[in-house]
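Visitor: model the following, please.
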Amino acid sequence: MAEPLTVGVDFGTLSGRAVVVRVRDGAELGSAVFEYPHGVLDETLPATGRALPPDWALQVPADYVGVLRNAVPAALRDAGADPADVVGIATDFTACTMVPTTADGTPLCELPEFEAEPHAYVKLWKHHSAQPQAVRINDLARARGEKWLPRYGGLISSEWEFAKGLELFEEAPAVYAAMRHWVEAADWIVWQLTGTYVRNACTAGYKGILQDGQYPSRDFLRELSPGFESFVADKLEHPLGQLGSRAGGLTAEAAGWTGLPEGIAVAVGNVDAHVTAPAANAVEPGQMVAIMGTSTCHVMNGAELREVPGMCGVVDGGIVTGLWGYEAGQSGVGDIFGWFADHFARDGHEQLTRLAARQEIGEHGLVALDWHSGNRSVLVDHELSGVVVGQTLATRPEDVYRALLEATAFGTRKIVETFGEAGVPVTELIIAGGLVKNALLMQIYADVTNLPLSVIGSEQGPALGSAIHAAVAAGAHPDIRAAAAAMGSVRRAVFQPVPAHVAAYDELYAEYTTLHDYFGRGGNDVMHRLAARRRAVAKAVAKGRS
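Guide: From the prediction side, this is the model:
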């Protein structure tokens, strides 16, 4: 046998990526990408042509299996690797992305009786229509003094398991009744690889409100919605697997899909953001990793438990064993840039960036809020929406584009400051994800946060992180820290803050903060009123067409 290899597979929002990695040093020998044929279903349901309501985002689970069938074999070919040398495979997924299934793991949307029912499909992380349910969960938890609420910054997101589950219970009772398991996609794909359902501790803690070994109580769930009290016991609760552990062996069927040897180790599932920290060798307190793509997820380790307002969650061992893993994030980043470039500019991203880079800070006279997909941290409110202030008849596309780039940097600074004020200081910001290629964006982030920016050494950070976890699950490294030291890759302090830029951005950030608090902390609830009106009109239009 030649040197042992592992395969990491990263399931993103629009595609899945596989990478073949050498266990000894983390060298990436080959990779491949498979685009989901159905993409994101946010306008119509293909089976019926039926229009979907606002804030919906669904996916087709068969697309995920397509990644295993196509990207993994293609990555092996690209690497020129002998499949016999592969000792393990691991996967990571967007979260919270939920699959309603039968007892054997069949997605309900694959059953003929539910093919036309939107609630039977995968609810992607960016499915935000459960905001009303999230508000009720938060209000009741505060009223009852639930001890788990501070572990989530005082607010449960509409993206998480309970809000989406309650939406399903209330809006599609037949689907809810038929559902045996409410499964994170991170666990569903491992189920397809091993034939065994193992619930990973990461999503259970961050997205499933599992704290100190307990979920929200039956009494809480009954008060939330009568009949919902058995949600945990009947639909959600399942034995946990720890990160880096072996979930099982690769089945013969999955070996046929992937071209990998039957029986090799399959690691417990993980989240794309959390799995990236070891890939960037960021496993110590103070190192915040920002995985920047369509959205941004911020993860970091801390030695002590702190309550950080508006964080997505804190979980003991949520990233590496022995430390508290913290998570925050922004629901829209690359999505915002893409939306603007696609709909309001004749030039593509490269030209817009080139024109924006010529400007002095503040030259465009604009300040924007980065809430086009709502706010994940620190306000945790997906009915908030985007704002651009200062536009005139002289405003050009590159002006708005730069203002949007800056707005997302301001959003990250708000997160960094909130962590620091809560006693979890950020000493280094490490960037991973596709947006790292935009040098202007990276310099803006360094200047806005006044932090040196390190850059992950891999273009496929989550997939590399999964390959690292596969090595631990296969026994090739003793633990995640050791595997990260051997296989991780990072370039330190690539972008340094420029003092004059820092001072200029401090002034613009003050304006951002004024708008942030005015629209986001009750100064003016116009965004909520507009969202409610949009839902009401969409409902009336749909009723009129039926």
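Visitor: helices along the stretch 301-450 of the chain, start to end?
Guide: Under the criterion DSSP state H, counting those that start in this stretch, helices of the stretch 301-450 of the chain are mapped to 334-344, 349-357, 397-421, 439-449.
Visitor: closest one to residue 119 among those helices?
Guide: With CB to CB as the measure, helix 334-344 is the member of the helices of the stretch 301-450 of the chain nearest residue 119 (23.7 Å). C-beta coordinates here come from the backbone N, C-alpha and C atoms, glycine included.
Visitor: got the angle between the closest one and helix 349-357?
Guide: Here helix 334-344 runs at 100 degrees with respect to helix 349-357, directions being taken by axes from the mean of the first three to the mean of the last three CA atoms, to 10 degrees.
Visitor: now residue 103. Nearest residue, chain neighbours left out?
Guide: Spatial nearest neighbour of residue 103, excluding adjacent residues (CB to CB, 6 or more residues apart in numbering): residue 180 at 4.3 Å.
Visitor: how many neighbouring residues does that neighbour have?
Guide: Residue 180 is flanked by 16 other residues according to other CB atoms under 10 Å.
Visitor: can you check residue 103 too?
Guide: Under the neighbour criterion other CB under 10 Å, residue 103 is assigned a count of 9.
Visitor: and the closest residue to residue 47 other than its chain neighbours, what's its pLDDT?
Guide: Using CB to CB, 6+ apart and skipping the chain neighbours, the partner closest in space to residue 47 is residue 115 (4.9 Å). In the predicted model, residue 115 carries a pLDDT score of 97.
Visitor: ok, residue 115 to residue 182 distance?
Guide: 19 Å (CB to CB, to the nearest Å).
Visitor: re the thing from before, how much space between the residue nearest to residue 47 and residue 163?
Guide: Taking CB to CB as the measure, residue 115 and residue 163 are separated by 25 Å.
Visitor: of the two, who's got more company?
Guide: Under the criterion of other CB under 10 Å, the comparison of residue 115 against residue 163 puts residue 163 first, with 27 against 15.
Visitor: show me what contacts the more buried one?
Guide: 130-131, 133-134, 137, 156-157 (CB atoms under 8 Å, 6 or more residues apart in numbering).
Visitor: you'd agree it is in a strand?
Guide: No: with DSSP: H, G, I helix; E, B strand; the rest coil as the criterion, residue 163 is located in helix rather than a strand.
Visitor: for residue 43, which non-adjacent residue is closest in space?
Guide: Distance criterion CB to CB, 6+ apart; nearest residue to residue 43, sequence neighbours excluded, is residue 52 at 6.1 Å.
Visitor: ok, the one you found touching residue 42?
Guide: Yes: the criterion here is CB atoms under 8 Å, and residue 52 meets it with residue 42 at 6.4 Å.
Visitor: quick check: neighbours shared by the two?
Guide: Once CB under 8 Å, 6+ apart is applied, the residues that residue 52 and residue 42 both contact turn out to be residue 58.
Visitor: between those two, who's got more neighbours?
Guide: Between residue 52 and residue 42, counting by other CB under 10 Å, residue 52 is the more crowded of the two (19 against 15).
Visitor: ok, now which ones touch that one?
Guide: 41-45, 58, 118.
Visitor: tell me which of these fall in helices.
Guide: For the contacts of residue 52, not one is inside helices, with DSSP state H as the criterion.
Visitor: hang on, the earlier thing: now the residue nearest to residue 43: phi and psi?
Guide: Residue 52 has phi and psi values of phi -90, psi 150 when expressed as degrees, to the nearest 10.
Visitor: tabulate the helices of the stretch 301-450 of the chain in JSON lines, adding columns for mean neighbour count, distance to residue 206 and mean pLDDT.
Guide: Formatted as JSON lines, the entries for the helices of the stretch 301-450 of the chain read as follows, by neighbours: other CB atoms under 10 Å; distance: least, CB to CB, whole Å; pLDDT from 0 to 100:
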{"stretch": "helix 334-344", "mean neighbour count": "16", "distance to residue 206": "21", "mean pLDDT": "96"}
{"stretch": "helix 349-357", "mean neighbour count": "17", "distance to residue 206": "31", "mean pLDDT": "97"}
{"stretch": "helix 397-421", "mean neighbour count": "23", "distance to residue 206": "15", "mean pLDDT": "98"}
{"stretch": "helix 439-449", "mean neighbour count": "22", "distance to residue 206": "23", "mean pLDDT": "98"}
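Visitor: adding distance to residue 299, write the ones you listed out as JSON lines.
Guide: Output for the helices of the stretch 301-450 of the chain, formatted as JSON lines (distance: least, CB to CB, whole Å):
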{"stretch": "helix 334-344", "distance to residue 299": "18"}
{"stretch": "helix 349-357", "distance to residue 299": "26"}
{"stretch": "helix 397-421", "distance to residue 299": "11"}
{"stretch": "helix 439-449", "distance to residue 299": "16"}
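Visitor: any idea which of the ones you listed gets closest to residue 141?
Guide: helix 397-421 (20.1 Å).
Visitor: angle of the closest one against helix 439-449?
Guide: With the same axes, to 10 degrees defining the directions, helix 397-421 sits at 40 degrees from helix 439-449.
Visitor: show me the shaky parts of the stretch 401-546 of the chain.
Guide: Applying pLDDT under 70 to the stretch 401-546 of the chain flags residues 546.
Visitor: got phi/psi on residue 20?
Guide: Torsion angles at residue 20 (phi, psi; degrees, to the nearest 10) stand at phi -100, psi 120.
Visitor: any idea how far the closest residue to it other than its chain neighbours lies from residue 23?
Guide: Closest residue to residue 20 in three dimensions, ignoring its sequence neighbours and counting by CB to CB, 6+ apart: residue 79, at 4.0 Å. Separation of residue 79 from residue 23 (CB to CB) stands at 13 Å.
Visitor: which neighbours do these two have in common?
Guide: When contacts are counted by CB under 8 Å, 6+ apart, residue 79 and residue 23 have residue 5 as shared neighbours.
Visitor: related to what we said a few turns ago, wouldn't the residue nearest to residue 20 be in contact with residue 29 here?
Guide: Yes: if you go by CB under 8 Å, residue 79 and residue 29 touch, sitting 3.8 Å apart.
Visitor: I appreciate the help and will end here.
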